[in-house]
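Chemist: mind folding the following:
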Amino acid sequence: MSDTNLLDAIRVVKENERIASQTYANAAKKLINPLARQLFEQLSAFEQFHYDKVSQLEKSLIEKGNYISYEGKDFPLPPVFEIKAAQEADRKSAISIVTDAIDLERQAEKTYADLADRVADPEGHAMFRRLSEEEHNHYKILSEAYWTLTNLGVWKWSHP
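Modeler: Take a look at the predicted model:
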């Protein structure tokens, strides 16, 4: 992959992370359930972390031509209690928010995996692979939250 194509791809994923962070922050404001708000606030913060790291990578590649080391980040442990979804004023809206988030995470996972496959540099490959895995963890968390919300009527997810 040429440096120009890589920088273009990095700018695209950086914008995707910014949009995801803002989307999750907005979703948190729409949800009444405190557990749901907490989940989306954590997702927003995590996507902002990704945005910051991808920005650091972009800067390093432009200024030094080097990839950065990416230590990754673990998603916070979920609460040990369940809160009934009936507290949610519009359950269909909550389900729609989760469905949209699942789609965002699926796309982000694929994009980072594709970048990992196209980057020969070991540090760059490792960073994009780890970012893809983190997005996959978000996908799993949201998929479980969707399942428990639609089938059990509670907001619940486990740590990936």
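Chemist: secondary structure element for the nearest residue to residue 56 once chain neighbours are set aside, which one?
Modeler: Nearest residue to residue 56, sequence neighbours excluded (C-beta to C-beta, 6 or more residues apart in numbering): residue 68, at 5.6 Å. Every residue, glycine included, has its C-beta placed from N, CA and C. Under the criterion DSSP states H and E, no helix or strand holds residue 68.
Chemist: what's the burial count for residue 68?
Modeler: Neighbourhood size, residue 68 [other C-beta atoms under 10 Å]: 17.
Chemist: who's in contact with it?
Modeler: In this structure, residue 68 makes contact with 53, 56-57, 60, 123, 127, judged by C-beta atoms under 8 Å, 6 or more residues apart in numbering.
Chemist: redo those residues as TSV? Include pLDDT and distance to residue 13.
Modeler: Output for these, formatted as TSV (pLDDT from 0 to 100; distance: C-beta to C-beta, whole Å):
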residue	pLDDT	distance to residue 13
53	96	10
56	96	13
57	96	10
60	96	15
123	92	16
127	95	11
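Chemist: where along this structure do the helices fall?
Modeler: Using DSSP state H, the helices of the chain run over 3-30, 34-63, 91-118, 122-151.
Chemist: so how far is the first one from its chain's centroid?
Modeler: Taking the mean of its C-alpha atoms, helix 3-30 sits 10 Å from the chain's own mean (C-alpha atoms, centre = their mean, to the nearest Å).
Chemist: report all helices and strands that that helix contacts.
Modeler: helix 34-63, helix 91-118 (3 or more C-beta pairs under 8 Å, 6 or more residues apart in numbering; DSSP states H and E).
Chemist: save those as a markdown table, and put in mean neighbour count and distance to residue 8 too.
Modeler: Below are the helices and strands packed on helix 3-30 laid out as a markdown table (neighbours: other C-beta atoms under 10 Å; distance: least, C-beta to C-beta, whole Å):
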| stretch | mean neighbour count | distance to residue 8 |
| --- | --- | --- |
| helix 34-63 | 18 | 11 |
| helix 91-118 | 17 | 11 |
